[in-house]
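mind looking at a prediction? Sequence and model below.
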Amino acid sequence: MASQGKINVKTLSVDSSMLQKHLYAYQKVLGGTIGQICKRQAALFCQDMISYSRPFSGSSPGDGATTSAQEHGEQNVKNSIYKIFRPIDKAGPNSIADLGDYNIFKMWMREKGSRVSKRKWQKFQTKYARGNTYKFIDKGSSNFAFEEIHSAMRTDNGHGSLKSVARRGNGKKNEPFVIVRDDAQIQKYVKYKQRNVGMLKSAYWFAAIGLGEKIKCPAWAKKPQSSRNAISIKTGENTAKPEFTVGNTIGGKAGNDNFVRVAINHRAYSMRVQMAQRLMKEKQKLWQACADGRITVIAQGFE
């Protein structure tokens, strides 16, 4: 039983049936139709998912709507691209030797201000070649040349994180897979891919809009192209048993299911907080709210 004038809210793990009980308890405490409540809470779940889907500002979820999260996501994009591609002036001798191209060797040597010859090339290959496979991208290549290789190195059909083989590096640790003639081309591709940071979040924003609801979403996570990935379905909105389905067609990324569960727990917690605030405003004790059936079904969420 809570003390006079105070109701504490517990942090719980809830499943879909428990969340449904929260919705009906919420209606009893705060009023409104069950359709209105379900629709609003579905939209707020989308808002939660913006905070609880990658990128985050660090390793902990929950701050995904911040500018720091955007910056962290953009840095991750840059790091992953430079894990695969490396400008020729920063390439190691093993990768140059394994490319097996005398003209590329000449470019590399010129970057170092050294003279070249066929004889020097032969000795260089003998000393440094390791038999690993590398690719080379020359000047004037389009972003597509980078994207084709980059996508093949990523999970989730080219949309997820780097595959383990890409993270380990090519041959030796930290060796790239592609040598690029001009670093400006890599930088251009980095900026091109950084525009996609926030795509996963954007679909949740469009899902809420599809319900006719407004939620908070940072400008950088409002990508028009993500509207096609939004799931937003209303069934029986004005009936006694309304159904609202929200989601994201690209939400199957590794680990995203865990964040969905966290977001559901947070949504239930937020509803309990609002109910507790209303009960305290009405100066009603917890036992009274339980006794009249207002929050009986979710009483374990309060103390």
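It's in.

who are the packing partners of the biggest helix by length in the chain?
Across the chain, the helix with the greatest residue count (assigned by DSSP state H) is helix 256-281. If you count contacts as 3 or more CB pairs under 8 Å, 6 or more residues apart in numbering; DSSP states H and E, helix 256-281 packs onto helix 16-30, helix 34-51. Glycine gets a C-beta too; all of them are placed from N, C-alpha and C.

now do the helices in the chain.
Going by DSSP H, the chain shows helices at 16-30, 34-51, 67-84, 93-99, 102-111, 118-128, 143-152, 155-158, 164-168, 183-194, 199-210, 256-281, 286-291.

just give the number of residues close to E213.
E213: 19 surrounding residues under other CB atoms under 10 Å.

does M280 touch V9 like I think?
No. Counting by CB atoms under 8 Å, M280 sits too far from V9 to count as a contact (10.9 Å).

on that earlier part again, pLDDT on the longest helix of the chain, on average?
Averaged across helix 256-281, the pLDDT comes to 93.

just to revisit the earlier point, M280 and V9: which is more packed in?
Ranked by neighbour count (other CB under 10 Å), M280 and V9 place V9 first, with 18 against 15.

so what pLDDT did that one get?
We note a pLDDT of 96 for V9 in this prediction.

who's in contact with it?
Residues in contact with V9, defined by CB atoms under 8 Å, 6 or more residues apart in numbering, are 269, 272-273, 276, 301-302.

is there a quick PyMOL command that grabs whichever of the residues you listed are buried?
The PyMOL selection below is limited to those of those classed as buried (16 or more other CB atoms under 10 Å):
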select buried, resi 269+272+276+301+302
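
around F177, how many other residues sit close by?
Neighbours of F177 (other CB under 10 Å): 22.

next one: I186
I186: 20 surrounding residues under other CB under 10 Å.

and it, what is it in contact with?
If you count contacts by CB under 8 Å, 6+ apart, I186 has them with 81-82, 85, 87, 146, 180.

quick one on the thing from earlier: I'd like the contacts of V9 as TSV, with distance to L211 appended.
Formatted as TSV, the contacts of V9 follow (distance: CB to CB, whole Å):
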residue	distance to L211
Y269	21
R272	23
V273	22
A276	26
G301	25
F302	29
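
shaky segments in the stretch 201-303 of the chain?
For the stretch 201-303 of the chain, the stretches flagged by pLDDT under 70 are 251-255.

what residues go with each domain of this structure?
16-55+200-301, 67-194 (automatic domain parsing).

okay, and for the stretch 51-200 of the chain, where does confidence drop off?
The stretch 51-200 of the chain contains residues with pLDDT under 70 at 59, 172-173.

which ones are touching Y204?
Under the criterion of CB under 8 Å, 6+ apart, the neighbours of Y204 are 46-47, 49-50, 53, 217, 230, 246, 248.

what comes up buried for the longest helix of the chain?
Result for helix 256-281 [16+ other CB under 10 Å]: buried residues 256, 259-260, 262-272, 275-276, 278-279.

tilt between that helix and helix 34-51?
Relative orientation of helix 256-281 and helix 34-51, computed by axes from the mean of the first three to the mean of the last three CA atoms, to 10 degrees: 130 degrees.

and helix 256-281, how far out from the chain middle?
How far helix 256-281 lies from its chain's middle: 21 Å, per CA atoms, centre = their mean, to the nearest Å.

how about the most centrally placed residue in the chain, nearest residue that isn't a chain neighbour?
For the chain, R54 is the residue whose C-alpha lies nearest the centre (CA atoms, centre = their mean; 2.3 Å). With CB to CB, 6 or more residues apart in numbering as the criterion, R54 has its nearest non-adjacent residue at 6.4 Å, and that residue is L200.

same thing with R267?
Nearest non-adjacent residue to R267, counting by CB to CB, 6+ apart: F45, 5.1 Å away.

what separation do you get for that neighbour and N229?
From F45 over to N229 the distance is 16 Å, taken as CB to CB, to the nearest Å.

out of these two, which sits in the busier spot?
F45 (25 against 19).

for the nearest residue to R228 once chain neighbours are set aside, the count of nearby residues, please.
Spatial nearest neighbour of R228, excluding adjacent residues (CB to CB, 6+ apart): T249 at 7.9 Å. Close neighbours of T249, defined as other CB under 10 Å, add up to 11.
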